[in-house]
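Student: I would like to see how this sequence folds:
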Amino acid sequence: MQVIKIPDNAQITIEDAGVTDGYDGHCLRAFAYFGGQMSDIGLALDLADRKNHPAIINSIETKYPDLRQASKSPTFALTYQGTWRTLVKNFGFSEEEAKSIEKNYHELYSVSDDWVNNRIEKASVEGYVELAFGLRLRTPILPKTVLKSRRTLPYQAQKEIKTVGNAFGQSYGLLNTRAGNGFMERVWASKWRYCVLPIMQIHDSLYFIVTDNVECLQWVNNNLIECMEWNMLPEIQHPTVGLEATLEVFHPSWAESVKIPNKADQHTIKKAVSKLRLDK
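Tutor: Residues are numbered from 1 along each chain as shown. Presented below is the predicted three-dimensional model:
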């Protein structure tokens, strides 16, 4: 277990490699970066039992949607070996803001950082790194480099390290592809083969057109979530923290959506989608 200190001195206990059980990741990162602008959230965390922390953090989605959205770009940049300078140059943060975000990001993901750094050191010996599903990426420069300080590394070695960092994150995007393929195999083998159509895949999300039928929607919810929660790769298996997913229904536009609880019965699904303007 790792205790992370974030703004306003509130504490959240998280598990292994920055993965948190029950927390919305975007909300958690938004609080880590911009917690000083959410005094009510910090106070609520200080006063609440630990079991209520996920609900408090997740309320940022509705209370502070702009800050939640603002957390996404710097997270993406820092995940792929960017620095505070990247945040200043690409997103317009002040130097002070950018350094604070960078610091909080690396505190939040210190376990993940260590994991990547250990594999970079291993690559400096073996000449390659192993990515998701056994894919190997060659690193011919790292074995010829002394890894002491990133600041004094030759430019080409720094580029190779950045490529390795990018590859680790991007390669596990194949989990999304695997989930989509696995789900469509189920669709084609079911009576809903003409009622569920794939339309796009973006990063960690899958999008489908689904017929207006509550039985079909229930089937999609049950089967798609099972496929998204697949975690048979040994390196991502954990005794208490798994992969999670939630189905959202959009109608009549991307601006309007509702979330469907996992394993929801038809009554619950009908109640959820009743909030959408299905007559449009």
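Student: what's the helix or strand for Met200?
Tutor: According to DSSP states H and E, Met200 maps onto strand 196-202.
Student: Who are the packing partners of that strand?
Tutor: helix 174-188, strand 205-210 (3 or more CB pairs under 8 Å, 6 or more residues apart in numbering; DSSP states H and E). Any C-beta I mention is one placed from the backbone N, CA and C, and that applies to glycine too.
Student: Out of those, which gets nearest to Ala123?
Tutor: Ranking the helices and strands packed on strand 196-202 by proximity to Ala123 (CB to CB) places helix 174-188 first, at 19.7 Å.
Student: Next, the angle strand 205-210 makes with that closest one.
Tutor: The directions of helix 174-188 and strand 205-210 differ by 20 degrees, with axes from the mean of the first three to the mean of the last three CA atoms, to 10 degrees as the criterion.
Student: centre of the chain versus helix 174-188, how much separation?
Tutor: The offset between the C-alpha centroid of helix 174-188 and the centroid of the whole chain comes to 19 Å, using CA atoms, centre = their mean, to the nearest Å.
Student: That one packs against which elements?
Tutor: Counting by 3+ CB pairs under 8 Å, 6+ apart, the elements that helix 174-188 packs against turn out to be strand 196-202, strand 205-210, helix 214-228.
Student: could you dump the ones you listed to TSV with mean pLDDT, mean neighbour count and distance to Ile101?
Tutor: As requested, the helices and strands packed on helix 174-188 are exported to TSV (pLDDT from 0 to 100; neighbours: other CB atoms under 10 Å; distance: least, CB to CB, whole Å):
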stretch	mean pLDDT	mean neighbour count	distance to Ile101
strand 196-202	94	13	24
strand 205-210	95	15	24
helix 214-228	97	19	29
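Student: Which of the ones you listed sits closest to Lys51?
Tutor: Distances from Lys51 to each of the helices and strands packed on helix 174-188 were compared by CB to CB, and the smallest falls on helix 214-228, at 23.3 Å.
Student: Could you check the angle the closest one makes with helix 174-188?
Tutor: Going by the same axes, to 10 degrees, helix 214-228 makes 140 degrees with helix 174-188.
Student: ok now the strand holding Met200, how far from the chain's centre?
Tutor: Shown here is strand 196-202, whose average C-alpha point lies 19 Å from the average C-alpha point of the whole chain (CA atoms, centre = their mean).
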